[in-house]
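> what follows is a predicted structure for the sequence shown.
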Amino acid sequence: MEDLQLTGKLVVLASASPRRLEILTNVGLRFEVVPSWFKETLDKRLFKTPHEYAVETAKQKALEVAKRMPFKHLKTPDIVIGADTVVTVDGLILEKPVDKQDAYRMLSRLSGKEHSVFTGVAIILCHEKEDEEIDYQVIDFYEETKVKFADLSDDLLWEYINSGEPMDKAGGYGIQALGGMLVEYVHGDFLNVVGFPLNQFCKKLGLIFSPPGSLTHNSTQTSPQGSAVDTVPPAEPAASSPPGSPTHNGPPDSQGQNIPSASPAHNVKQEESGRGEEEVPWTLVNSLSKCSENREAEPQGINDPAAPDLTSRATMQMQNVREHETEDSKEKLCKMIELMDGFKASKVLFTASKLRVFDVLRSSKTGELQAEDVAQEIKASMKGTERLLEACVSLGLLQRTGKQYANTAMSRHFLLSDGPLSLQGYIQHCNELVWPLFTHLETAVREGTNQHEKAFGKTSNNLFQDAYYSRHEVKLRFMKAMHSIARVSGRDVATAFDLSKYKTACDLGGCTGAMAYEFAKAHPGLSVTMFDLPKVIEMSGHFRPHDADDRVSFVAGDFFKDELPKADVYILARILHDWSDEKVHILLSKIAKACSPGCAVLVSEIFLDEDRKGPSRGLLQALSMTEGRQRSASEYSLLLKSHGFTAAQVKHTHNLLDAILCVTE
Ligand SMILES: O=c1[nH]cc([C@@H]2O[C@H](COP(=O)(O)OP(=O)(O)OP(=O)(O)O)[C@@H](O)[C@H]2O)c(=O)[nH]1
């Protein structure tokens, strides 16, 4: 851990893939996610091999983010990671299917055959120079994994396609989930198929960042798979470029290039978000990088002399099947236990948050405390505190070394009350408002009504006027909840679409203004008016950021009754789900009247899958709704279309809220 050379560096994953996020989070890498806007449209015919295509796409994805961040996010990353996964079969490169028919074409081509999965990875090291220009060093590599599919009937394929799983996956399947059922064998790195070759990535990181002395820097490292280092001139546009184009100073995947040592060239930056320590198990990473030359010795499968003979392979396969079946039923049992205990886990999180356990641990000198010190700080019993802390450890909210408890990276990220991405406001809302409503779920289901009266002893005809904004402390709590959601999801929503042609925006029901500030930050040419009830506006000052942008202004009014401020783009973030279709029509018709041709409406909500089978976050939320309903992207698109807003672009942000943008003709 002391060896860390990533300490204080801003590491960015230039990917919207939730799998890549999970793989890298699981190993303790601390990073920000900035999905790339690079369109995967490189001309495949220009590449001699599929892996060159994947590597170049990965590189362009990462470079686009590395070059955008200093302007759009006003900070320069130190390291940007991009990746691209493709499947190759019959000389074709398969990416993500565009629709169900495309998924069918892909999967029926894969049926009964072995195919290759290539993931290209690019690691961009950004060096700020004295003249404020930035140097980009590119280290890229790829990994190949062979996968064999069983013979698949059309019925099975369609059942699988209708599950919705294939749509955002290279080759149209997800090996980590239902798609695993289609697979006979995998030769090579499993995580490479899932979208990120973790093992080789760690080796590369080890070579780049291992501390001086433990490895020789700038010596020639031979990589088992293609690995190249380029330096990209700072003025290079992030446009698509085939191999050999000016972004390359060397061949696209020539082997045996130098791996630069990034550590000496980097200024260590300490960011407010607490990127002070890294939790990557560096000893492991360093040993992996040292082992990389031994890779060829691993048994590769059927043609490998080191592989077991046929008889023992058959026995092993039978054992695998049995183990798989037992594993499968164990997995189901685990899922059941998780569901049964889910409410306890939520309540542990709520209680630890309410008692300020995470803040208390952070405030201690060393960042760690023993149970008795925590008990004293939170004014609770020793026995109860110890149980709570242990439960938190089991849930990944805390970590314990000996008797000392400390926050995990996840808690530091989301659970400190003053963190930029703090979810405390929303957690408190869940504890104080949603939890009591859910204790009456059975009656809510029987009666089809919201249980506000049962839970809080008050009838509410208008949830906002009668419940959320009736008392000062309840209003503040509700505003804090909305604030934390807007802070966590705001940047992804604000950057979901190119809004550069618009000059003014109006965030309707924007509550504390957090979303409006994110839009202003993301779009330097945009002025944003935040429009909400007078009762809300009078308290929005509590939430004003220190560096508040004066392009954001606040106007009080009721969007159902009052005239709307004029704007080129109307933002409805987390608004429409609260209302019936009838009320949504009233609001949209008011917006349509205020709009001139070319104006846009951006709706940000949890989008239900088209078959309404998920995401469960949206469907669970619906259970405590009053007159509103959760909708899919196409339902929102239809509502908007009926008021003349067409040409819908949908963005699944993989954050708390998705977004759809529609424009008037
Ligand atoms: O078995 C699996 N195979 C592939 C995947 C997922 O498929 C996609 C591949 O697409 P791509 O590399 O273009 O990445 P995107 O999702 O578009 O995200 P970027 O923003 O990085 O371009 C990838 O998500 C794999 O994880 C899978 O899940 N299982």
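Received it, and whenever you're ready, just let me know what you need.

> what segments of the stretch 301-450 of the chain are helices?
Using DSSP state H, counting those that start in this stretch, the helices of the stretch 301-450 of the chain run over residues 310-354, 357-363, 371-378, 382-394, 409-414, 424-429, 435-438, 441-447.

> whoops, I mixed them up, the stretch 101-250 of the chain
All helices of the stretch 101-250 of the chain, identified by DSSP H, counting those that start in this stretch, fall at 154-162, 190-194, 198-209.

> can I get the helices of the stretch 301-450 of the chain in TSV with mean neighbour count, distance to Met181 and mean pLDDT?
Placement of C-beta: from N, CA and C, glycine included. Below are the helices of the stretch 301-450 of the chain laid out as TSV (neighbours: other CB atoms under 10 Å; distance: least, CB to CB, whole Å; pLDDT from 0 to 100):
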stretch	mean neighbour count	distance to Met181	mean pLDDT
helix 310-354	12	10	78
helix 357-363	21	40	97
helix 371-378	18	45	98
helix 382-394	17	31	97
helix 409-414	20	31	92
helix 424-429	22	36	96
helix 435-438	17	34	95
helix 441-447	12	33	94
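
> which one of those lies closest to Cys599?
Closest of these to Cys599 is helix 424-429, at 31.2 Å (criterion: CB to CB).

> what about that closest one, distance to the chain center?
20 Å (CA atoms, centre = their mean, to the nearest Å).

> if we can go back for a sec, dump the helices of the stretch 101-250 of the chain into TSV; add mean neighbour count and mean pLDDT as well.
Formatted as TSV, the helices of the stretch 101-250 of the chain follow (neighbours: other CB atoms under 10 Å; pLDDT from 0 to 100):
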stretch	mean neighbour count	mean pLDDT
helix 154-162	15	93
helix 190-194	24	97
helix 198-209	25	89
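
> need the helices of the stretch 301-450 of the chain in a markdown table (columns: distance to Ser642).
Below are the helices of the stretch 301-450 of the chain laid out as a markdown table (distance: least, CB to CB, whole Å):
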| stretch | distance to Ser642 |
| --- | --- |
| helix 310-354 | 38 |
| helix 357-363 | 46 |
| helix 371-378 | 53 |
| helix 382-394 | 48 |
| helix 409-414 | 38 |
| helix 424-429 | 32 |
| helix 435-438 | 32 |
| helix 441-447 | 30 |
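
> if we can go back for a sec, nearest to the ligand, of the helices of the stretch 101-250 of the chain?
helix 190-194 (4.7 Å; CB to the nearest ligand atom).

> counting by contacts, list what that closest one packs against.
With contacts taken as 3 or more CB pairs under 8 Å, 6 or more residues apart in numbering; DSSP states H and E, helix 190-194 sits against helix 18-26, strand 114-128, strand 134-149, helix 198-209.

> closest one to Lys332 among those?
Between Lys332 and the helices and strands packed on helix 190-194, the shortest gap by CB to CB is with helix 18-26, which sits at 21.0 Å.

> same question for the closest one, mean pLDDT?
For helix 18-26, mean pLDDT is 93.

> that helix: which residues count as buried?
19-21, 23-25 (16 or more other CB atoms under 10 Å).

> how about stretch 547-563?
By neighbour count on 16+ other CB under 10 Å, the buried set for stretch 547-563 is 551-552, 554, 557, 559.

> determine which two of those are furthest apart.
Arg551 and Phe559 (21.1 Å).

> in the stretch 501-650 of the chain, which spans are helices?
514-522, 534-540, 581-594, 616-622, 633-641.

> burial of whichever residue of the stretch 451-600 of the chain sits closest to the ligand, as a residue count?
Proximity of the stretch 451-600 of the chain to the ligand (CB to the nearest ligand atom) peaks at Asp492, 11.9 Å away. When neighbours are defined as other CB atoms under 10 Å, Asp492 has 24 of them.
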